[in-house]
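Student: Here is the input, now give the coordinates:
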Amino acid sequence: MEESNEEQFIMVGANYKEHIPKEKIPSFSKRLKGKPIISVIVLAAIVLCCIFAGDLINHDPSSFYLKNLNEPPNSEFYFGTDSLGRDIYSMIWYGGRASIIIGILSMVIITVIGVTYGCISGTANAKIDAAMMRAVEILNSIPSLLLLLLLVSIIGKQDILKISFIIGVTGWFALARIVRSEVRQIRNYEYVLAARCMGANFLHVMYRHLIPNVVSAILFVVISSISTSMAMESTLSFLGLGLPIDVISWGSMLSLANRALLSNTWWVIIIPGVFLVITLLVITNIGNYFRKETNRRASNL
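Tutor: Predicted coordinates for the structure are as follows:
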């Protein structure tokens, strides 16, 4: 009987030890390299401050301090007061709640409509797919602000839920096109065809097979839709068509910008604007990180 290779070749020598290479574990700093740590920390700090606004404020954000109109930042009013005598410091944290809620609700609506529409179009036959995509292209060719203004004029007085719905139903077109493109690539894979042959309905195929395979591709658009929705709410409020002035948000605070320019009260514009811009930037930066990760994984396949 022939001996095995291990029996034929035996390593011998003084103090011989078998070398077993150790798996290199990257250090903590290397694992964090390239990740948007600062953006996550800043966003978490803003969200936590908005959640625990009741413990941070030193004035009632809805009260009118008529003896302190347009006061600059000082020891009593940290960020000053606006033309109605409201404390901007307290309004920032309460207003952040409304703006972030609008961004999240709008993102949910955009995701549900865009993903569902894209999956239906991606799995449909050529004629239905072409008709659905032409409809999306026509709607997407209309400036989103015009669609928003049209719906705002139809619905009338706004609140957080209504304005979230309006922003959501006018912002899903790009997401639907991305989902449709991804679904067209995977709809004929073996596991999708097997599920159909076993009698699985469209909803089962969509939630168990299609959506899990397109999540990484749409994550950037989904996250970025939060910042886009917050910006749209601020734009509408600045135009006087957003939330009423008694509903505090960063957008409604910026709606007083015209008065602030006339009275030279820079803090009424700058402070809410800085918080809004920083929040939008960190959310966009986090979204860009997920986009880069998706592209990197796709290039390694």
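Student: Can you get me a residue count around Arg208?
Tutor: As a burial measure, Arg208 scores 13 neighbours (other CB atoms under 10 Å). (Each C-beta comes from the backbone N, C-alpha and C, glycine too.)
Student: What about the closest residue in space to it that isn't next to it in sequence, how many residues nearby?
Tutor: Take Arg208 and drop its neighbours on the chain: the residue closest to it by CB to CB, 6 or more residues apart in numbering is Ala195, 7.2 Å away. Residues lying near Ala195 (other CB under 10 Å) number 17.
Student: Rounded mean pLDDT for whatever helix or strand Ala195 lives in, please.
Tutor: Ala195 is part of helix 190-197, with elements assigned from DSSP states H and E. For helix 190-197, the mean per-residue pLDDT is 82.
Student: Test my guess that the residue nearest to Arg208 contacts Leu203.
Tutor: No. Using CB atoms under 8 Å, Ala195 makes no contact with Leu203, being 11.5 Å away.
Student: Enumerate every residue touching the nearest residue to Ala217 once chain neighbours are set aside.
Tutor: Nearest non-adjacent residue to Ala217, counting by CB to CB, 6+ apart: Glu182, 5.1 Å away. Each residue near Glu182 by CB atoms under 8 Å, 6 or more residues apart in numbering is listed here: 118, 122, 213-214, 217-218.
Student: Which one of the residues you listed is nearest to Pro73?
Tutor: Taking CB to CB as the measure, Pro73 lies nearest Ile218 of the contacts of Glu182, at 41.9 Å.
Student: separation between that closest one and Ser99?
Tutor: Separation of Ile218 from Ser99 (CB to CB, to the nearest Å): 23 Å.
Student: So the two - more neighbours on which side?
Tutor: The neighbour comparison of Ile218 against Ser99 (other CB under 10 Å) goes to Ser99, with 29 against 23.
Student: mind checking which helix or strand the more buried one is in?
Tutor: Going by DSSP H and E, Ser99 is in helix 88-123.
Student: now the angle between helix 190-197 and that helix, please.
Tutor: Angle, helix 88-123 to helix 190-197, by axes from the mean of the first three to the mean of the last three CA atoms, to 10 degrees: 70 degrees.
Student: Just the buried positions in helix 88-123, please.
Tutor: For helix 88-123, the neighbour count (16 or more other CB atoms under 10 Å) marks 88-103, 105-107, 109-111, 113-123 as buried.
Student: And stretch 34-53, by the same measure?
Tutor: Neighbour-count burial for stretch 34-53, counted by 16+ other CB under 10 Å, picks out 36, 39, 42-43, 46, 49-50, 53.
Student: With secondary structure, distance to Val222 and pLDDT as extra columns, can I get those in a markdown table?
Tutor: Compiled in a markdown table, the buried residues of stretch 34-53 are given as follows (DSSP: H, G, I helix; E, B strand; the rest coil; distance: CB to CB, whole Å; pLDDT from 0 to 100):
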| residue | secondary structure | distance to Val222 | pLDDT |
| --- | --- | --- | --- |
| Pro36 | coil | 16 | 83 |
| Ser39 | helix | 16 | 89 |
| Val42 | helix | 20 | 93 |
| Leu43 | helix | 15 | 92 |
| Ile46 | helix | 20 | 92 |
| Cys49 | helix | 24 | 91 |
| Cys50 | helix | 21 | 91 |
| Ala53 | helix | 27 | 86 |
